[in-house]
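Chemist: generate coordinates for the sequence data below:
(one chain, ligands or ions: 1)
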Amino acid sequence: MANALRIGILCHPTYGGSGVVASELALSLAETGHEVHLFSHEVPPRLARSPGLVQMHRAQGVPYPLFHSTPHDLAITSAILNVHRAGGLDILHAHYALPHAVSAFLARSAAQADTGRPAPRIVTTLHGTDITLIGNDPSYAPLTQFVISASDAVTTVSRWLADETRARFCPGMGGPCGIDVIHNFVDTAWFSPDAKASPSVCRQSHGPTAVHVSNFRPVKRVPWLVRAFAKASAGSSARLVLVGDGPDQAASREVAREMGISERVLFLGERDALPELLAPADVFLLSSSSESFGLSALEAMSCGTPVVATDAGGVREVVEHGVTGLLSDIDDIERFAEHLAQLLHDRTRALAMGEAARRSAVERFDRAKVVSAYEALYRRVLAAQR
Ligand code: GMT
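Modeler: Below you'll find the predicted structure:
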């Protein structure tokens, strides 16, 4: 490929969220012909399906008695410098501000001190809690603000997150605070309604099935979701399939027991959000108190599954109320349950919304279009004067 770039991508190796976006982007850029290196402390699950196009650098660092914990972010910086010194890197694309934009900044500073090669430029993509929760905590906020200002370009995954970033971090920055909004994307060929035909636990149901995928962190409010499901499905044989694991799993099981619906709630544990689980479901559920985008909802939509969600943050940029799903106020559990009951029991409406959801995923969030936007951003940053 003429003008191929050498791109380093830094990410958390998560089953969902930023780890998925970074891995899918790395795979797509490599398929286009760019040289792509991915840096993380573990292999992200989505990269596992790569036929080797992306060069993986697993950097964990060495434990040492003096360290309270092993600083894998420093090991990532060293791994980047090794690759840069060997063949050069044009772009470092940090996903999630902390610690990756910091590792990228250190690597760029060290590369500037080296002679012989131009230092890579830094693109930082903000995903959500790196701005709204952890990155905004007083113990990290000054550093989050610094890496935003020190990046050559900053992107957010929704307009809502761009506004939050401007409000929280741009005042007092003492310089420009340019942010490009590049929405997340989905591989619509893989996340397809065709997956309905594959064997799956969501197909073996005698009643309608609702599915939820998350890391069970408090912000996802899975116990609240189980309570809403109990209200919506009282007296029916509907099932709730919960995919993922995290701090609130035990509390969610407890609510299911308390509400007397344990036999209709299935905890599948941690795994990739497979189209085989999303496509046969009647409805996808998202009950977060804050959500910058809601990638798992988009993956469900691409499979032709409508979404019932709380109207949190950037979710409305993904799910159109009354067309591709139903949204309710964050604390309105009655309304959420009502929406869920409507889609669980009105098959015709759920199917029509599922078809609209699929169309929206294909038209608005197609992989090729979004990957080109990132590519154009890299070239813009490289063309700009330092
Ligand atoms: O914070 C999380 O729950 C995980 C986080 C991540 O970065 O791994 O997810 C965020 O990024 C996703 C991908 O861009 C978005 O789809 C999620 O909405 C966002 N999560 C939150 O804002 C809570």
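
Chemist: the helices in this protein, which residues?
Modeler: Ranges of helices in the chain, per DSSP state H, are 17-32, 72-87, 102-113, 129-132, 141-150, 159-169, 222-232, 249-258, 275-278, 295-302, 333-345, 347-364, 367-383.

Chemist: to G314, which of those lies closest?
Modeler: Closest to G314 of the helices of the chain is helix 159-169 (C-beta to C-beta; 3.9 Å). C-beta here means a position set from N, CA and C on the backbone, and glycine is covered the same way.

Chemist: list the buried residues in that closest one.
Modeler: Residues of helix 159-169 classed as buried: W160, L161, A162, E164, T165, R168, F169 (neighbour count, 16 or more other C-beta atoms under 10 Å).

Chemist: what's the most distant pair in those?
Modeler: W160 and F169 (14.7 Å).

Chemist: TSV for the buried residues of helix 159-169, including distance to the ligand?
Modeler: As requested, the buried residues of helix 159-169 are exported to TSV (distance: C-beta to the nearest ligand atom, whole Å):
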residue	distance to the ligand
W160	9
L161	7
A162	13
E164	10
T165	12
R168	14
F169	16
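
Chemist: pick the one among those closest to Y64.
Modeler: Using C-beta to C-beta, F169 comes nearest to Y64 of these, at 33.5 Å.

Chemist: count of neighbours near the nearest residue to that closest one once chain neighbours are set aside?
Modeler: The spatial neighbour of F169 that comes closest, neighbours along the chain excluded (C-beta to C-beta, 6 or more residues apart in numbering), is Q145 at 4.8 Å. If you count neighbours by other C-beta atoms under 10 Å, Q145 ends up with 22.

Chemist: kindly report the same for L268.
Modeler: Neighbourhood size, L268 [other C-beta under 10 Å]: 15.

Chemist: isn't it up against R239?
Modeler: No. Using C-beta atoms under 8 Å as the test, L268 is too far from R239 to be in contact (11.7 Å).

Chemist: tell me the contacts of the closest residue to L225 other than its chain neighbours?
Modeler: Nearest residue to L225 in three dimensions, chain neighbours excluded: S287, at 4.1 Å (C-beta to C-beta, 6+ apart). Contacts for S287 (C-beta atoms under 8 Å, 6 or more residues apart in numbering) come out as H212, K220, R221, V222, W224, L225, A228, A309, T310, F336.

Chemist: now the third one. Its backbone dihedrals?
Modeler: The phi and psi torsions at R221 (degrees, to the nearest 10) take the values phi 50, psi 50.

Chemist: what's the separation between it and D282?
Modeler: 21 Å (C-beta to C-beta, to the nearest Å).

Chemist: got it, and the fourth one?
Modeler: According to C-beta to C-beta, V222 stands 19 Å off from D282.

Chemist: who in the stretch 251-386 of the chain is up against the ligand?
Modeler: Neighbours of the ligand within the stretch 251-386 of the chain, by C-beta under 6 Å from any ligand atom: S288, S290, E291, S292, F293, G294, L295.

Chemist: TSV please, covering those residues and showing neighbour count and distance to H72.
Modeler: Shown next, in TSV, are those (neighbours: other C-beta atoms under 10 Å; distance: C-beta to C-beta, whole Å):
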residue	neighbour count	distance to H72
S288	24	28
S290	19	27
E291	29	27
S292	28	24
F293	24	26
G294	30	28
L295	26	24
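
Chemist: closest to S40 out of these?
Modeler: Closest to S40 out of those is L295 (17.6 Å), distances taken as C-beta to C-beta.

Chemist: might you report the residue contacts of that closest one?
Modeler: L295 makes contact with G16, G17, V20, V21, N184, V186 under the criterion C-beta under 8 Å, 6+ apart.

Chemist: near the ligand too, which of the residues you listed?
Modeler: Within those, those near the ligand by C-beta under 6 Å from any ligand atom are G17, V21, N184.

Chemist: out of the helices of the chain, which is closest to H206?
Modeler: helix 333-345 (13.3 Å).

Chemist: ok and that closest one relative to helix 222-232, angle-wise?
Modeler: Helix 333-345 runs at 60 degrees relative to helix 222-232, counting by axes from the mean of the first three to the mean of the last three C-alpha atoms, to 10 degrees.

Chemist: pull out the buried residues from helix 333-345.
Modeler: Buried-residue list, helix 333-345, by 16+ other C-beta under 10 Å: I333, R335, F336, A337, E338, H339, L340, A341, Q342, L343, L344, H345.

Chemist: I'd say the second one and A341 touch.
Modeler: Yep, that's R335 we're talking about. No. With contact defined as C-beta under 8 Å, R335 does not count as touching A341 (10.7 Å).

Chemist: do you know how far A101 is from T324?
Modeler: Taken as C-beta to C-beta, the span from A101 to T324 is 33 Å.

Chemist: show me which of these two is the more surrounded one.
Modeler: Neighbours were counted for A101 and for T324 using other C-beta under 10 Å; A101 has more, 30 against 24.

Chemist: pretty sure that one contacts S151?
Modeler: Yes. Counting by C-beta under 8 Å, S151 is a contact partner of A101 at 6.2 Å.

Chemist: overlap of the contact sets of these two?
Modeler: Residues touching both A101 and S151 (C-beta under 8 Å, 6+ apart) are A94, I122, T124.
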